[in-house]
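> sequence and predicted structure below; questions after.
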Amino acid sequence: MEFVVFMTLPGLVIVLLLIAFADQILRATGLGRRRGQVSATGFEQLHASFSPGKQNELKERQSALLLRDDEEDGAPPHRSSVDLEGGTAVVRLPKSP
């Protein structure tokens with residue numbers, strides 16, 4: 001009978017809260033070595049089920065993880081360079097015809 005309670009929306013929220021408390025206790029004691037939180041993912045999915053904007057945000061985040069980040073994206077190819085350690089920047093403009 002208790003399982004039926006957890007299949008309802010209030011039961012799901014109760015389970016997520018219990019997981020959040022357990023997650024925080026594990027992190028406080030040093031037994032949890034994860035960077036992310038399991039409860040945060042559960043709450044985001046619950047929020048996404050009621051908000052179409054959140055669903056789009058989660059899909060965008062997932063697709064951004066699959067895309068590759070190149071150093072030269074958005075910059076002219078091999079014309080400009082920035083030396084952060086030396087504190088200099090070189091900007092080469094294209095020759096006008």
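That came through, no problem.

> which residue lies nearest the spatial centre of this structure?
Nearest to the centroid of the C-alpha atoms of the chain, with distances taken as CA atoms, centre = their mean, sits residue 61, at 6.3 Å.

> assign that one to helix, strand or coil.
Secondary structure for residue 61, judged by DSSP: H, G, I helix; E, B strand; the rest coil, is helix.

> look at it and report its pLDDT.
Per-residue pLDDT puts residue 61 at 84.

> again with residue 43
On the pLDDT scale, residue 43 gets 79.

> how many neighbours does it have?
16 (other CB atoms under 10 Å). Every residue, glycine included, has its C-beta placed from N, CA and C.

> before we move on, what SS does it have?
Under the three-state scheme (three-state DSSP), residue 43 adopts helix.

> count the neighbours of the closest residue to it other than its chain neighbours for me.
In this structure, residue 43 finds its nearest non-sequential neighbour in residue 16, 6.0 Å apart by CB to CB, 6 or more residues apart in numbering. The number of residues packed near residue 16 is 18, by other CB under 10 Å.
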